[in-house]
Each structure stands twice: as structure tokens, then as C-alpha cells.
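Peer 1: Could you look at this predicted model? Sequence included:
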Amino acid sequence: MGFGCNACGVIGCRIIESPRERLIAILTNNFVPCNGRFPTIIAVITMFFVGAIAGPAQSIISTLILTGVILLGIFMTFLISNILSKTLLKGMPSSFTLELPPYRKPQVGKVIVRSIFDRTVFVLARAMAVAAPAGIVIWLMSNIYLGELSLLSTCANFLDPFARAIGLDGTILMAFILGFPANEIVIPIIIMSYMCTGSILEFDNLTQLYQLLVDNGWTWITAVCTMLFSLMHFPCGTTCWTIKKETNSWKWTLLSFLIPTVTGIIVCFIVANMCRLISAV
């Protein structure tokens, strides 16, 4: 379920009977990319890795790269789950029992209504509560100026040294931070920051976006690290709120935020520096 929405994936963990294993599933759910992260990953793949290829080969290669990214996320899910089960959440694994329910005539109407109220409206309400205040913060940061630079650009410049160490730049890292309410707005925030506009923009085609990114120093290393950090970084605001409600604990919510973020920083740092060494050779 996390491939559709990580918040729904967290809610789906209710079916796991073991509290320990339910926590492990909740903490690692964010390693699978949701619909909010797929556009960023697909756009980067198209612009930097298959853009020069024409014909059916373009779709095949982009599909293979995207599949590789997804498999990496699944691998990280298993790896972090294994680490958690041997450290922070030790315990005996529970047995899995599949019990077949009694057969009944399907109640399509009831299923649709319950799904809408139990999942769709539930998650959308939380998303609205998180996105509204965050949108105000983004607008204020892009329209309040300190000298010649907006507050958004000032913060990006402050983060730039650390961001470059992990293969990004300050603007990209700031976009991920401001994209906390919804992963879909990461690319529009990057565009807004590079173009120094006071509102979120989108381009009509990827060629214009590619040129803007290259003009602002993007390389294939930046593209790889952006994909990796998009795959492995903190959950969105809605997912964090859902984790708090499901676990009733700020401790586990904070850990669900830190585990993928620290993992993403470490992976990006290793990959960025290895790629730089290879390029230098």
C-alpha cells in the first residue's frame, strides 16, 4: 500500500498482530516510493539518463532504471527491518497464520463507503491540515527578503556546504525540507528557487526544466543523489501525523523521521564521493 501512499501503508499495518513487527513495518514503510515521489524520480531519469535516446529503447531503459530504484527501496526495507529486529526491536518472530473467513456474498456498496470514510477521507483530512500551514510558510520564505536575497535563498545558501557533501546543493535540500507537507512540490520549489520567483512554477516540458537544472550546476552525480535522497528521506507530514496516531508515541514518530533520513544521507554521501572519484580517474 505504501507504493500508493505511505500514510495508507502505515494504516494498513494494523493487520499485523505482533506489536513489535507492526512497529518495524511502520518504521520501514517510507523506504518504498509513494505516488508523491515517483514524479521526481521519473523526471530525473528522463532528463539525465534516457533523454538522448530515441525510440522504444527510451521507454525500456527508463523502465529498467525505475525498476532498479524500486528494488533498491525494497532491499533497504528488508535491510533496515533486519537491523531493527536485531537491535532496537529485538524479539521472537511471530508465526504467520492465514485463516480463511466464512464465504459471504460481496457487499460492494458497503466496501466502497467504508473505504472512503476509513481511508480516503481520513488521509485527505490529515493532508489538508498539514499542507495549509506549510503552504503559508513556503510563500512567506519566498517573499520575505533579507537584503537582495529571499529568506528561502538565504537558507539554501546556509545549507549548501552540507548539501554538496552528499551530492546535492542547498536549493535541492531546502526543497526537500519545504516539501515535507507533500513530496509532489519538491520539483516546483526547486524551479521557484532557481528562477527567484515568489510563487511555485512548473514548466510545460522537461527540456526547459533540464536546461534550468544544468544551468544551475546539475550533473549526473546530482541527478543520482537526488533520486536516492527522494527514495530515502523523511516521511511527508501526513505520514508522520498518521504514524503518531497509529503508535500514539512521539518517540516512534521521531524515529520514523530519522531512520530513512540518516540512511539517505549516508547512502548519498558514499555514492557522491565514489562517483567523484570515478569521474576524477
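Peer 2: Alright, I've got the coordinates.

Peer 1: can you map out the helices along the stretch 101-250 of the chain?
Peer 2: With DSSP state H, counting those that start in this stretch as the criterion, the stretch 101-250 of the chain has helices at 108-115, 121-143, 151-165, 170-178, 186-195, 206-215, 220-231, 237-247, 250-280.

Peer 1: show me where pLDDT drops low in this protein?
Peer 2: 51-55, 92-98, 114-132, 134, 197-204 (pLDDT under 70).

Peer 1: Ok, which of the helices of the stretch 101-250 of the chain comes nearest residue 39?
Peer 2: Checking the helices of the stretch 101-250 of the chain against residue 39 by Cβ to Cβ gives helix 186-195 as the closest, at 7.1 Å. Bear in mind the C-beta positions are built from the backbone N, C-alpha and C, glycine included.

Peer 1: what sits up against stretch 74-83?
Peer 2: For stretch 74-83, the external contacting residues (Cβ atoms under 8 Å, 6 or more residues apart in numbering) are 24-25, 27-29, 31-32, 231-232, 259, 263.

Peer 1: The same query, at a cut-off of 6 Å, please.
Peer 2: Here stretch 74-83 makes contact (Cβ atoms under 6 Å, 6 or more residues apart in numbering) with 24, 28, 31.

Peer 1: Neighbours of the last one, how many?
Peer 2: Residues near residue 31, counting by other Cβ atoms under 10 Å, number 24.

Peer 1: give the contact list for it.
Peer 2: Contact analysis of residue 31 by Cβ under 6 Å, 6+ apart lists 73, 76-77.

Peer 1: so what's the backbone phi/psi at it?
Peer 2: phi -80, psi -10 (degrees, to the nearest 10).

Peer 1: And it, how close does it get to residue 206?
Peer 2: Per Cβ to Cβ, to the nearest Å, residue 31 is found 27 Å from residue 206.

Peer 1: Repeat that for the first one.
Peer 2: In this structure, residue 24 and residue 206 are separated by 38 Å, where distance is defined by Cβ to Cβ.

Peer 1: of the two, who's got more company?
Peer 2: Legend: neighbour count by other Cβ under 10 Å for residue 24 and residue 206, higher for residue 24 (23 against 15).

Peer 1: thought the more buried one was touching residue 86?
Peer 2: No - Residue 24 lies out of contact with residue 86 (Cβ atoms under 6 Å); the separation is 10.8 Å.

Peer 1: Buried residues, stretch 237-249. List them.
Peer 2: Using 16 or more other Cβ atoms under 10 Å as the test for burial, stretch 237-249 gives 237-243, 246-247.

Peer 1: how about the helices of the stretch 101-250 of the chain, which one is nearest residue 5?
Peer 2: With distances scored as Cβ to Cβ, the stretch of those nearest to residue 5 is helix 121-143 (6.5 Å).

Peer 1: Could you pick out which of the contacts of residue 31 are located in helices?
Peer 2: 73, 76-77 (DSSP state H).

Peer 1: ok, of those, which one's closest to residue 210?
Peer 2: Distance to residue 210, by Cβ to Cβ, is smallest for residue 73 among those, at 24.6 Å.

Peer 1: Quick one: neighbours of that closest one, just the number.
Peer 2: By the criterion of other Cβ under 10 Å, residue 73 has 22 neighbours.
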